[in-house]
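Student: With the sequence up front, the predicted model follows.
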Amino acid sequence: MTIPVATVEFSKSGQVADETQVADALATVTDARATDVLILSHGWNNDMAAARRLYDRIRQRLASR
């Protein structure tokens, strides 16, 4: 099973950094005909690269079930 992924980045003030990411995320959900959506958000104690590595591992584990 392949689990689609979409990323929406936010600024430090909580604003969407790139509105096209929101449209892409909505399209990903629509195109996949998703019935469930898992939203993950990382905090300030790690960077984007570390968060992506963690999220990739989570997706791999979920896809293997």
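Tutor: It's in. Numbering: from 1, shown residues only.

Student: Pretty sure Leu62 sits against Pro4.
Tutor: No - the pair Leu62 / Pro4 is not scored as a contact, 11.8 Å apart, by CB atoms under 8 Å. C-beta here means a position set from N, CA and C on the backbone, and glycine is covered the same way.

Student: Can you check which helix is longest in this protein?
Tutor: helix 48-63 (DSSP state H).

Student: starting at the chain centroid, how far to it?
Tutor: With CA atoms, centre = their mean, to the nearest Å as the basis, helix 48-63 stands 9 Å off its chain's centre.

Student: looking only at pLDDT, what's the mean for it?
Tutor: Mean per-residue pLDDT for helix 48-63: 91.

Student: same check, this time on stretch 9-24
Tutor: Per-residue pLDDT values over stretch 9-24 give a mean of 94.

Student: May I have it exported as PDB, CA atoms only?
Tutor: Presented in PDB, the C-alpha positions along stretch 9-24 are these (Å, rounded to 0.1, in the frame of the first residue of the first chain):
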ATOM      1  CA  GLU A   9       4.500  24.600   6.000                       C
ATOM      2  CA  PHE A  10       3.700  27.400   8.400                       C
ATOM      3  CA  SER A  11       5.600  30.400   9.500                       C
ATOM      4  CA  LYS A  12       6.700  31.100  13.000                       C
ATOM      5  CA  SER A  13       3.700  33.200  13.500                       C
ATOM      6  CA  GLY A  14       1.400  30.400  12.400                       C
ATOM      7  CA  GLN A  15       0.600  31.600   8.900                       C
ATOM      8  CA  VAL A  16       0.600  29.300   5.900                       C
ATOM      9  CA  ALA A  17       4.000  29.800   4.200                       C
ATOM     10  CA  ASP A  18       2.800  28.900   0.700                       C
ATOM     11  CA  GLU A  19      -0.800  28.800  -0.200                       C
ATOM     12  CA  THR A  20      -0.100  26.400  -3.200                       C
ATOM     13  CA  GLN A  21       0.800  23.800  -0.600                       C
ATOM     14  CA  VAL A  22      -2.700  23.900   0.800                       C
ATOM     15  CA  ALA A  23      -4.200  23.500  -2.600                       C
ATOM     16  CA  ASP A  24      -1.800  20.600  -3.300                       C
END
